[in-house]
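Q: coords below, sequence missing:
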């Protein structure tokens, strides 16, 4: 075997790429894992993870220079001193916003698996059937029964903590013991259950943080600083989980600083022969050969690679014959909700910092609940006592002011909705031929926005949450909304959707590109609809399934 | 606590948005002049203002937590130049206001006089910030229509708002504030969601 030839090439080392590498290696394949960013080693490179807040010069804030260099990251909560090294350099890696689009990228080994929110929910038969039932876009080519064993498979390895709820529209999984609701959340849950006669539910978030030791990982220590990297392997990441498993096989080669920008395509054999890589350190291109290619570069970047590939056959790239490559961009729209105070728990507090809060699964358009829009939304939130940064009535300065701020304040509860976005052909990304990145590669143009269905939904997200909180005895309930533009949910998906017909989809039901069946796309690009649950668990399950299929059909 | 929450909470405590919390696109880049302005005398003054806001009690106060030194770094590195200028000019304005009110500089004033001055400035700053926010509103609304409110640049707030915010942030995230004025556990290792609490128990930082 030549140095540049492997059984499989996996592009991207995030959640999907890590899974592809692990599964393919464990099935005996030699795998080259390409990462466009630099190395980021488990524990050793988690620079801030064991530092105290007073050891950070800006105490968690970003500098004015960072604000100027990372304007996209500064559109929301992603900009914190602890994680600024995680984000892609916006000057080197620009993109074009035809319409406002927020793209939060991490170009470093492990990708966003280090930074992710870890919320892990299965899709349900309702979600896989939604497009067909509503006559929206195209039907999913896969049903829940086909994917359920793969959810089992990935949950058992990743370690998902959660509680069984027995809900048809949010199936239970292979859970480790759940985290706990605090006393206020428990009471609010009980009141919501009573008020809505068992049709609405509030329970602890299902999350890829482990409550007991799991696969040689010690587990969560209740610090809630996950995204700085966990020295205790408390949550699933490439570093803590899939990478060590893949390395154990002796079959894995990792090449950092490698932008895979083109799939090499043999038009006679109608299949890929490998990928072309730009080395970001020396600006040279290199070619690597393989029998199969897994694109796991993140939804938009996997579509970008396809757009750059086989352009001698299809001007708009490999997979563009359907006219759907780069179209149907979806996200979960959020940053909208309500909050308020709750009385009667002044003699209760809590110890430790959970890495999750509560979850309220979808209820809109389920059963007798009918709306003037399609689909629905879930909520994520928590109850806690306010901290030193609160207002103290009648006091601005002095001893009493300080004494009060040193004690916990009133109990508050708040949540944000996460709404489903419908696939819409008009929402698309494409190559901006007028702009190049630092390495002379074309960049993406984003032309997508929330449409009428999502905008209507956002009104109900707020109204329903206010009603539920008020029913649960929360006082002074008020709505809130912060900046959101599509992409900012960090659940971007749909740009190379799967389907049953090559005329209307980029991938078949096994995540294979119709026009090059040895190319698999298993990150969020394959999604045919978005549901409203956090999608990473579904990417894991489809990746493992596709890897199994790919190896069986080699 | 996540950043959004932090900014919102500081905003609540000071009645305004956090300066430098939203991003600014000011043209100037040099903080050198500002840095030079933070002489030892200025840092001592800021420590004393901080101490008036959060005095030493049975636990350390703002001075022991070196909030003046923290402000030097934060203002120089985290504020855009235009806001740095407001902060630096504010220090002289505070002295002027103090002279007018008490006939002497802040450092020469008694504990009571210092407190009276800061209470005045609290009121003045809230009114000023409210007026600025009102003035900014049309520009903000215009950007919001295009879903581009991320590009909104707020007018600088009152200098006292900055001093107070940085006193709170600098103190409660200092080792003294986090571990002595509050309770701090680096690695809790467990969760108790119904911990008994009685008035006077410190918060966990």
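A: Thanks, I have the structure now. Computed from a prediction, not measured in an experiment: that's the story for all the values here.
Q: contacts and neighbour counts: CA atoms only from here.
A: Noted.
Q: and for the closest residue to residue B:31 other than its chain neighbours, the neighbour number?
A: Of all residues not flanking residue B:31 in the chain, residue B:76 sits nearest, at 5.3 Å (CA to CA, 6 or more residues apart in numbering or on different chains). Neighbour count for residue B:76, taken as other CA atoms under 10 Å in any protein chain shown: 24.
Q: do I have it right that residue B:76 meets residue B:38?
A: No: with contact defined as CA atoms under 8 Å, residue B:76 does not count as touching residue B:38 (9.4 Å).
Q: coming back round to it: pLDDT on the helix or strand encompassing the residue nearest to residue B:31, on average?
A: Using DSSP states H and E, residue B:76 sits within helix B:67-78. Regarding helix B:67-78, the rounded mean pLDDT is 98.
Q: the residue lying closest to residue B:156 once chain neighbours are set aside: what secondary structure?
A: In space, residue B:156 comes closest to residue B:83 once its chain neighbours are excluded; the distance is 5.8 Å by CA to CA, 6+ apart. The three-state assignment at residue B:83 reads helix, by DSSP: H, G, I helix; E, B strand; the rest coil.
Q: quick one: the residue lying closest to residue A:83 once chain neighbours are set aside from residue A:43, how far?
A: In space, and not counting its chain neighbours, residue A:83 is closest to residue A:228: 6.3 Å by CA to CA, 6+ apart. Distance from residue A:228 to residue A:43, counting by CA to CA, to the nearest Å: 10 Å.
Q: neighbour count winner among those two?
A: Between residue A:228 and residue A:43, residue A:228 has the larger neighbour count (other CA under 10 Å), namely 20 against 17.
Q: partners of the strand or helix carrying residue A:292, with directions?
A: Using DSSP H and E, residue A:292 maps to strand A:285-295. Paired neighbours of strand A:285-295 in the sheet (DSSP bridges): strand A:5-11 (parallel), strand A:271-279 (antiparallel), strand A:516-521 (parallel).
Q: for chain B, what spans make up the helices?
A: B:3-14, B:32-37, B:40-53, B:67-78, B:81-102, B:111-145, B:159-172, B:175-176 (DSSP state H).
Q: what is the neighbour count of the residue nearest to residue B:157 when sequence neighbours are not counted?
A: Using CA to CA, 6+ apart and skipping the chain neighbours, the partner closest in space to residue B:157 is residue B:129 (5.6 Å). Counted by other CA under 10 Å, the residues lying close to residue B:129 total 20.
Q: the one 5 residues further on too?
A: Residues lying near residue B:134 (other CA under 10 Å) number 11.
Q: can you read off the pLDDT for it?
A: 97.
Q: cool, and residue B:25?
A: For residue B:25, pLDDT reads 37.
Q: try residue A:172
A: pLDDT, residue A:172: 98.
Q: my guess is it contacts residue A:155. True?
A: No: the pair residue A:172 / residue A:155 is not scored as a contact, 10.8 Å apart, by CA under 8 Å.
Q: between these two, which is the more surrounded one?
A: residue A:155 (22 against 19).
Q: what's the closest non-adjacent residue to the more buried one?
A: Using CA to CA, 6+ apart, the closest residue to residue A:155 is residue A:174 (5.9 Å).
Q: and that neighbour, how many residues sit next to it?
A: 18.
Q: what does residue A:374 give?
A: Using other CA under 10 Å, the number of residues around residue A:374 comes to 18.
Q: swap in residue A:51?
A: Residue A:51 - counted by other CA under 10 Å - has 12 other residues nearby.
Q: equivalent analysis for residue A:419, please.
A: Residue A:419: 27 neighbours (other CA under 10 Å).
Q: isn't residue A:220 right up against residue B:189?
A: Yes: if you go by CA under 8 Å, residue A:220 and residue B:189 touch, sitting 7.3 Å apart.
Q: neighbour count: those two, which is higher?
A: A direct count of neighbours by other CA under 10 Å for residue A:220 and residue B:189 places residue A:220 higher, at 26 against 14.
Q: who's in contact with the more buried one?
A: Going by CA atoms under 8 Å, 6 or more residues apart in numbering or on different chains, residue A:220 touches A:209-212, A:232-235, B:189.
Q: how about it: what's its closest non-neighbour residue?
A: In space, and not counting its chain neighbours, residue A:220 is closest to residue A:234: 4.2 Å by CA to CA, 6+ apart.
Q: which regions of the chain sit below the pLDDT cut-off?
A: The chain I'm using is chain A. Scanning chain A for pLDDT under 70 picks out the ranges A:1-2.
Q: that's the wrong chain, I meant chain B
A: B:1-30.
Q: so for chain B, the centremost residue is which one?
A: residue B:165 (1.7 Å; CA atoms, centre = their mean).
Q: how near is that residue to residue A:148?
A: 51 Å.
Q: got a list of what residue A:87 touches?
A: Residue A:87 neighbours (CA under 8 Å, 6+ apart): A:73, A:104-107.
Q: now, those that are in helices?
A: Going by DSSP H, the helices hold none of those.
Q: contacts only, for residue 38.
A: By default, I'm working from chain A. Neighbour list for residue A:38: A:107-109, A:256-257 [criterion: CA under 8 Å, 6+ apart].
Q: switch to chain B, please.
A: residue B:72.
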